[in-house]
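S.K.: sequence? don't have it. structure:
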């Protein structure tokens with residue numbers, strides 16, 4: 001429920017924060033006002049925050065029953081068999097920019 005991941009709506013310039021809700025579908029927070037989104041658009045990691053690199057596929061967006069934008073993850077966490085762990089301390093591509 002406390003997860004907050006910076007994401008990008010693929011093929012747009014729209015950035016958001018994907019926030020856990022303790023349900024199967026996280027919310028998209030902090031979208032600019034009057035953002036026009038299309039249901040089914042892909043969500044990827046934005047690379048901001050230094051935790052995940054740019055471009056990891058996350059899921060597709062849809063309008064929830066509460067009319068909030070939500071993400072249907074590509075993976076069902078109940079069926080996960082393998083996970084990938086990112087060690088950001090050893091891979092220079094995943095290092096934070098010292099200027100930030």
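M.R.: Looks like it came in fine. None of the values given here were measured: they were computed from a predicted structure.
S.K.: Below-threshold pLDDT in the protein: ranges please.
M.R.: 1, 86-100 (pLDDT under 70).
S.K.: which residues in this structure form helices?
M.R.: With DSSP state H as the criterion, the chain has no helices.
S.K.: ranges for the strands of it?
M.R.: 4-9, 15-19, 27-29, 42-45, 57-63, 69-73 (DSSP state E).
S.K.: give the contact list for residue 29.
M.R.: Contact analysis of residue 29 by CB atoms under 8 Å, 6 or more residues apart in numbering lists 4, 16, 17, 18, 19. Every C-beta, even on glycine, is put in place using the N, C-alpha and C of the backbone.
S.K.: Output those as a markdown table; include the columns distance to residue 27.
M.R.: Output for the contacts of residue 29, formatted as a markdown table (distance: CB to CB, whole Å):
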| residue | distance to residue 27 |
| --- | --- |
| 4 | 10 |
| 16 | 9 |
| 17 | 9 |
| 18 | 7 |
| 19 | 5 |
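S.K.: Show me which of those residues are buried.
M.R.: 16, 17, 18, 19 (16 or more other CB atoms under 10 Å).
S.K.: Check those and tell me the two furthest apart.
M.R.: 16 and 19 (9.0 Å; CB to CB).
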